[in-house]
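Got a sequence here, can you build the structure:
(one chain, ligands or ions: 1)
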Amino acid sequence: MSEGALISLRSASFGYADRKVVDGVSLDQGPGEVIALLGPNGSGKTTLVKGLLGLSEHLGGEVSLFGTPLDRFRERPRIGYVPQRHSLSTSVRATVREIVEVGRLPLRPWWRPSGTEDARLVDEALDAVGLRDREREDVAALSGGQQRRVLIARALVAQPDVLVMDEPTAGVDIDNQRVLAEVLGRLAARGTSMLVVTHELAALRDVVTRIVCMDGGHVDFDGSPSAYARGHRGHELGDGHHHESPSHDHPAPGIAAILTDPLPPREVQP
Ligand SMILES: Nc1ncnc2c1ncn2[C@@H]1O[C@H](COP(=O)(O)OP(=O)(O)OP(=O)(O)O)[C@@H](O)[C@H]1O
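Numbering: from 1, shown residues only. Next comes the predicted model:
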């Protein structure tokens, strides 16, 4: 296991009902790294991140979190999790602030009411996602992208050492993707480590420091965004070389362009 790694996997396998979906994955995430986890549908990205949270089965290899083997890891609040395609329930009425306050619950004994420090951290998390002015609103009245930001705030309020997000920008329109990317950019600038499953690398390209690409349950690329772009461009140019990095057969179209082209201009509100 690598010294100082937040997340460390050695030939790790994860799956469901004893069936391996992710197999032989080795990965170390260091402090401050923002990793984009890419790959086609069904390649095992969600299964991998769920494995870190004990939500899929650990079926082999070594996994440690902050130096502690996964089966002995008890400091769950150190990993902030924003799950995939999770929309906030509309059957229970709650304000934005109330949802974020829930993120503090695992950090204090059940009998202790929330205090001024909890309130300060809730304020800070709401500021970080740009929703302080909406704190009294019913979450059901917010858009999908705004609800995603509420969930990010709920994860942040526990002051995690690493934020694990499963497709935070999925199903969110381009303007809201930009806002989410700005939120993640601010967190990255503060040194927040993140592991982000995404299909929308374009939105996050200024934030990501490393790309890990999965296919068929295995990691088939792990490197810098520029190395990823180069691998793809080499293929696009048809330079005749076989790249060791299989990024040349990555399904994402025009990734080199995605990493280098500016985002479309922001729509100007009248
Ligand atoms: N709860 C589950 N029980 C059994 N099999 C599952 C479960 N969740 C996912 N799988 C299977 O695991 C495989 C990988 O799914 P996973 O959701 O990890 O992929 P993914 O790369 O995150 O895909 P996507 O990009 O579509 O979210 C799929 O074949 C899926 O059917």
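
Would you mind listing what in the chain touches the ligand?
16, 21, 39, 41, 42, 43, 44, 45, 46, 47 (C-beta under 6 Å from any ligand atom). Where C-beta positions appear, they are placed from N, C-alpha and C, glycine not excepted.

contacting residues for the fourth one?
Contact criterion C-beta atoms under 8 Å, 6 or more residues apart in numbering gives no residues in contact with residue 41.

what's the distance between it and residue 94?
32 Å (C-beta to C-beta, to the nearest Å).

Kindly report the same for the last one.
Going from residue 47 to residue 94 by C-beta to C-beta gives 30 Å.

Which one of the two is surrounded by more residues?
Per other C-beta atoms under 10 Å, whichever of residue 47 and residue 94 has more neighbours is residue 47, with 21 against 17.

Assumed that one was part of a strand.
No. Under DSSP: H, G, I helix; E, B strand; the rest coil, residue 47 sits outside any strand and is assigned helix.

got the residue ranges for the helices in the stretch 151-270 of the chain?
174-189, 201-204, 225-237, 255-260 (DSSP state H, counting those that start in this stretch).

Could you give the number of residues near residue 120?
10.

Would you mark the buried spots in whichever helix or strand it is part of?
In this structure, residue 120 sits in helix 116-128 according to DSSP states H and E. Across helix 116-128, burial judged by 16 or more other C-beta atoms under 10 Å covers 118, 121, 122, 125, 126, 128.

wouldn't the second one be in contact with residue 108 here?
No. The pair residue 121 and residue 108 does not pass the contact test of C-beta atoms under 8 Å, sitting 11.4 Å apart.

residues touching residue 122, list them.
Contacts of residue 122 by C-beta under 8 Å, 6+ apart are 97, 100, 101, 104, 153, 157.
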